[in-house]
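**Student:** here is my input, please return the structure:
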Amino acid sequence: MQRVLVILLSALDALVAAAIGVAVALAPLTVLWFVAFGAPDLGLIWQSSAVIWQLGHVVPVAVTLPEAYLAQTGIDASVASFSLSLAPLALAAFTFLFAARSGARAGRAGAGLTGALSGSLVFAALAALVALTGAAPAASVELWQAILFPVAFYAAGSVAGVVRVGWNAGDGGSIDALRGVLDRRPGAWPEVPELLARGGAIALTGLIGAGALALAVALVIRGPQIVALSQAANLDALGAVVVAFGQALYLPTLVIWAIAFLAGPGIGLGGGSLVAPVGTQLGIVPGIPVLGVLPETSSSWLLALALVPIAAGAFAGWAVRSRLEPRGSAADAETPGILWTLTGGIALIAALGTALLCTLASGSMGPGRLAEVGPDAAIVGVTVGIEVGLGAAILLLSPRRRSAARVGSSGSDHLRSRDEDDRSARGLPGAESPLSGRSSSSGWGGSALGWGGSTGTAREGDDADPDEAGPRR
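**Tutor:** Numbering: from 1, shown residues only. The predicted model follows:
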């Protein structure tokens, strides 16, 4: 019965995620159409909303401008057909985060794989429905891409939520089996996978936060240029609302562009144009107001921005090293092999994660020179990996002070006891109670009704033998 409930709730989550994503485009378009033209054309509005939702999940859209529009605007027929693939990643980010929440709930219910699978299947069916009913002659998509790409975001989020909950609380299956194998390794090696994931996540989160902050500062500094582009477009109130709405959906994409700028390689705008700290060479830029945030010139002082990824790596290294928990002496937790593995692993995760983000934030935004816009994923990924790895190495590979080593050695028994408690909570074999030395599954030392009402944790300063300090008869 519980598994059936998880399936139903996961399917409902997938339905809500798809409905909200489509409604983000559908609701404003309906209101704007009603204000501008009176009675709305529901068919055309639905097609437009479907295309926006698909583009938001990195589905390339083949645009073909009608001949009547070309004749009216005087656009050359040679550029009437082009691909649009630069995605407004706000929609994809929402799908991923909503799916992660659903997967985490299924994992806590003990049916993580079932929940992730059922939710992904329902989301695939909904994506197929949107693709089939939202097909438009002026903006077409490949059916397999329109189904696979949105589902990939939802499935990745669901699996991430399931794995996170399973790793922290146990899943009674493959994740617990993997942790059991790792726990048999000596020293601090059993903690390395978790520390790698934690360090990589901290580095990527720091980069995203720095990119968002840099974008906010640039929006303030370049505000007059953005306003000037808006005025040059001669937009009425309705047009200004539409443009502002579209630019808001592209904010996550611009944050990733800011990360590429901070790292050093910068952003390409097609036709040899480049915006980077080492130099800026801009050609003809589309008159989109938010693109006024791009600097027209560069300064050698901007090279100092490369310290931001290094600082993110240093913070990740500090966070990871502070959580190294030896099972013997302090030296067992900080062997060269462990420290080099953590340093290289954090750098690799940051490089791959940044390269993936840059791939999603690149694409085509028009014909001609605008067919390739965005950061170079390979170059930015390698650069970020080197910078984050350098910062992590500073904190992970530098020697500790002797006082810190003595503190770590004196606290090894406490750390070993805390690790045994953690293993006991996950139900792994071989876990011992820190009080009685017996298995946590038997003996009064692990019982909730044990001596002094404790749950297996001795009170400070009690040196008496447990058998002599037992409950009174």
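
**Student:** what sits against residue 256?
**Tutor:** If you count contacts by CB atoms under 8 Å, 6 or more residues apart in numbering, residue 256 has them with 89, 211, 357-358, 360-361, 375. Heads up, the C-betas are built off the backbone N, CA and C, glycines and all.

**Student:** just to be sure, it is in a helix?
**Tutor:** Yes - when DSSP: H, G, I helix; E, B strand; the rest coil is applied, residue 256 is found to be in a helix.

**Student:** if you count neighbours, what's buried in the helix ranked longest in the chain?
**Tutor:** Using DSSP state H to define each element, the chain has its longest helix at helix 2-37. Judged by neighbour count (16 or more other CB atoms under 10 Å), helix 2-37 contains these buried residues: 6-7, 9-11, 13-14, 17-18, 21-22, 24-26, 28-30, 32-33.

**Student:** quick revisit: restricted to helices, list the contacts of residue 256.
**Tutor:** Among the contacts of residue 256, the members found in helices (DSSP H) are 211, 357-358, 360.

**Student:** could I get the residues you listed as a markdown table with neighbour count?
**Tutor:** Converted to a markdown table, those look like this (neighbours: other CB atoms under 10 Å):
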| residue | neighbour count |
| --- | --- |
| 211 | 23 |
| 357 | 26 |
| 358 | 25 |
| 360 | 21 |
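
**Student:** and which of these is nearest residue 122?
**Tutor:** Nearest to residue 122 out of those is residue 360 (CB to CB; 23.7 Å).

**Student:** quick one: least confident helix or strand in the protein?
**Tutor:** helix 402-410 (a mean of 44; mean pLDDT, DSSP states H and E).

**Student:** I figured residue 82 was touching residue 369, is that so?
**Tutor:** No - using CB atoms under 8 Å, residue 82 is not in contact with residue 369; the gap is 11.3 Å.

**Student:** mind listing the strands for the stretch 151-300 of the chain?
**Tutor:** 267-268, 274-276, 279-281 (DSSP state E, counting those that start in this stretch).

**Student:** name the stretch from the ones you listed where average model confidence is lowest.
**Tutor:** Between the strands of the stretch 151-300 of the chain, the one with the least mean pLDDT is strand 279-281; it has a mean of 81.

**Student:** packing partners for that strand?
**Tutor:** Under the contact definition 3 or more CB pairs under 8 Å, 6 or more residues apart in numbering; DSSP states H and E, strand 279-281 sits against no other helix or strand.

**Student:** these two touch, right, residue 318 and residue 393?
**Tutor:** No - Residue 318 is not in contact with residue 393 according to CB under 8 Å; the separation is 11.8 Å.

**Student:** show me which of the two is the more surrounded one.
**Tutor:** Neighbours around residue 318 and residue 393, counted as other CB atoms under 10 Å, are more numerous at residue 393. The numbers are 21 against 17.

**Student:** quick check: which element contains the more buried one?
**Tutor:** Using DSSP states H and E, residue 393 sits in helix 377-396.

**Student:** and that helix, what does it pack onto?
**Tutor:** Applying 3+ CB pairs under 8 Å, 6+ apart, we find helix 377-396 packed against helix 192-221, helix 251-263, helix 307-321, helix 336-360.

**Student:** just say which of these is most tucked in.
**Tutor:** Ranked by mean neighbour count, those are led by helix 251-263 with a mean of 25 (mean count of other CB atoms under 10 Å).

**Student:** can you give me the strands for the stretch 1-150 of the chain?
**Tutor:** So, for the stretch 1-150 of the chain - with DSSP E, counting those that start in this stretch - the strands run 61-64, 81-84, 139-140.

**Student:** hang on, the earlier thing: can you lay out the contacts of residue 256 as TSV showing distance to residue 238?
**Tutor:** Shown next, in TSV, are the contacts of residue 256 (distance: CB to CB, whole Å):
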residue	distance to residue 238
89	25
211	32
357	33
358	34
360	30
361	29
375	33
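
**Student:** tell me where the protein is predicted with low confidence.
**Tutor:** Low-confidence segments of the chain (pLDDT under 70): 1, 187, 325-333, 400-473.

**Student:** which residues touch residue 324?
**Tutor:** Going by CB under 8 Å, 6+ apart, residue 324 touches 188, 191, 195, 333-334, 338.

**Student:** which SS class is it?
**Tutor:** Applying three-state DSSP: residue 324 is coil.

**Student:** how much space between it and residue 399?
**Tutor:** 14 Å (CB to CB, to the nearest Å).

**Student:** next one: residue 207
**Tutor:** 28 Å.

**Student:** repeat for residue 20
**Tutor:** Note on residue 20: its distance to residue 399, by CB to CB, is 52 Å.

**Student:** what's the answer for residue 97, then?
**Tutor:** Noted for residue 97: a distance of 40 Å to residue 399, by CB to CB.
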